[in-house]
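Colleague: I would like the atomic coordinates for the input below:
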Amino acid sequence: MSALDFLAFSAPPMLIALLAALACALPGNFLLLRRQALLGDAISHVVLPGIVLGFLLTGGASTPAMMAGAALAALAAAALIELLQRSARLDPGVAMGATFTAMFALGVLALELSGAGAVHLDVEHALYGNLESLIWFDATDWSALITPATLATLPPELFRMAATLALLAALCWLFWRPLVILTFDEGFARSLGLPVRLLSAGIVAAATLAAVAAFAAVGSILTIAMLICPPAAARLCTHRLGPQVALSLVFAAASALIGYVLGGYGPLWLGLPASVSAAGMIATTSGLILATAALWHKR
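Modeller: The predicted structure follows:
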């Protein structure tokens, strides 16, 4: 593969995977410490009723409408989880399990009763995303990197993930001190007059935003992996939140870049006729990094 081919076929999906991994890992640190790490799994279930709603409102399989519906469903689920935890005093795992089971069942029921079941919902796309198809067709020469009109033809997922990461990074920097206090001592945060419920809902909403933004491009498996594995690996390497967040971003970036290269080019280097799923290999790489951190922590 030539350098120009790499620019057109591999650079955009690799960059999108990198941005998605970073965006998911950032709020994942706070979810992990607050025992809400399974929220990513919950989101992957609750988007179904939102997708059906988007189809019913538009009458077609419009990606923006379905993604907007998925975002609304995920935010509603996040609010319901927080409500169950606060009002019914349920364990976070119980609240998440009850919410995503009920909403997934609601989505299946709506799919069957509304006639939206005639729409082809690709399970493999939902699991692994469509990274390999995010090609920059207009990158026919190196001038594309400095031509605004050509840059505008980059896959829209790239701009969406870049905006999501920038927003989450800005919010994390802006609310860092309250988030640290809330994460480690909620009672102390309440005694200081901090808006505990609002901050808690904000953490869940941030994770929801990252997961929904990444869902269309990288699928649910990679989204769940990036929300959990890099923060968990970083947690095993340090007892300080600042270094943990920094390490989680390093692990997320390494998972995205190494995993994409291994998935796309590894089988070809071994003489095999085809590549494997990039998202699946990235998730596998993140799991191997977590396993390595666990072994190091044990020693």
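Colleague: measure the spatially most distant residue from the centre of the chain to Ala201 for me?
Modeller: Within the chain, the residue lying farthest from the chain centre (Cα atoms, centre = their mean) is Ser191, at 33.1 Å. Remark: distance between Ser191 and Ala201 (Cβ to Cβ, to the nearest Å) = 20 Å. C-beta coordinates here come from the backbone N, C-alpha and C atoms, glycine included.
Colleague: now the residue farthest from the centre of the chain: how far from Asp185?
Modeller: When distance is defined by Cβ to Cβ, Ser191 is 9 Å away from Asp185.
Colleague: over to Arg197?
Modeller: In this structure, Arg197 lies at 16 Å from Asp185, with Cβ to Cβ as the measure.
Colleague: ok, Ala210 next?
Modeller: Relative to Asp185, Ala210 is positioned 25 Å away (criterion: Cβ to Cβ).
Colleague: do Ala253 as well
Modeller: Using Cβ to Cβ, one gets 31 Å for the distance from Ala253 to Asp185.
Colleague: Ala210 and Asp185: which has the busier surroundings?
Modeller: Remark: of Ala210 and Asp185, Ala210 carries more neighbours, 29 against 12, as counted by other Cβ atoms under 10 Å.
Colleague: contacting residues for Met226?
Modeller: Residues near Met226 by Cβ atoms under 8 Å, 6 or more residues apart in numbering: 20-21, 24-25, 28, 214, 252, 255, 283, 286.
Colleague: sort out which one of these lies nearest Leu48 for me.
Modeller: Sorting the contacts of Met226 by distance to Leu48 puts Ala214 at the head of the list, at 16.7 Å, by Cβ to Cβ.
Colleague: quick check: Arg190 vs Pro243, distance?
Modeller: 27 Å.
Colleague: which SSE is immediately downstream of the helix or strand of the chain with the lowest mean pLDDT?
Modeller: For the chain, counting by mean pLDDT, DSSP states H and E, helix 123-128 ranks last in confidence among helices and strands (a mean of 55). Scanning the chain past helix 123-128 towards its C-terminal end, the next helix or strand to appear is helix 148-151 (assignment: DSSP states H and E).
Colleague: which secondary structure elements does the next helix-or-strand element following that next one contact?
Modeller: On the C-terminal side of helix 148-151, the nearest following helix or strand under DSSP H and E is helix 156-174. In terms of contacts (3 or more Cβ pairs under 8 Å, 6 or more residues apart in numbering; DSSP states H and E), helix 156-174 is packed against helix 11-33, helix 196-235.
Colleague: mind putting the ones you listed into a markdown table with distance to Pro148?
Modeller: Output for the helices and strands packed on helix 156-174, formatted as a markdown table (distance: least, Cβ to Cβ, whole Å):
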| stretch | distance to Pro148 |
| --- | --- |
| helix 11-33 | 17 |
| helix 196-235 | 23 |
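Colleague: among those helices, which gets the worst mean confidence?
Modeller: Within those, confidence is poorest for helix 196-235, with a mean of 83 (mean pLDDT).
Colleague: roughly how far does the closest residue in space to Val204 that isn't next to it in sequence sit from Phe184?
Modeller: Among residues not flanking Val204 along the chain, Ala78 sits closest, at 4.2 Å (Cβ to Cβ, 6 or more residues apart in numbering). For Ala78, the distance to Phe184 (Cβ to Cβ) stands at 22 Å.
Colleague: any low-confidence regions in the stretch 1-150 of the chain?
Modeller: Across the stretch 1-150 of the chain, residues meeting the criterion (pLDDT under 70) sit at 1-6, 8-9, 40, 44, 59-63, 66, 111-112, 114-129, 137-138, 141.
Colleague: phi, psi for the residue farthest from the centre of the chain please.
Modeller: phi -70, psi -20 (degrees, to the nearest 10).
Colleague: tell me which of the helices and strands packed on helix 156-174 sits nearest to Asn130.
Modeller: With Cβ to Cβ as the measure, helix 196-235 is the member of the helices and strands packed on helix 156-174 nearest Asn130 (6.6 Å).
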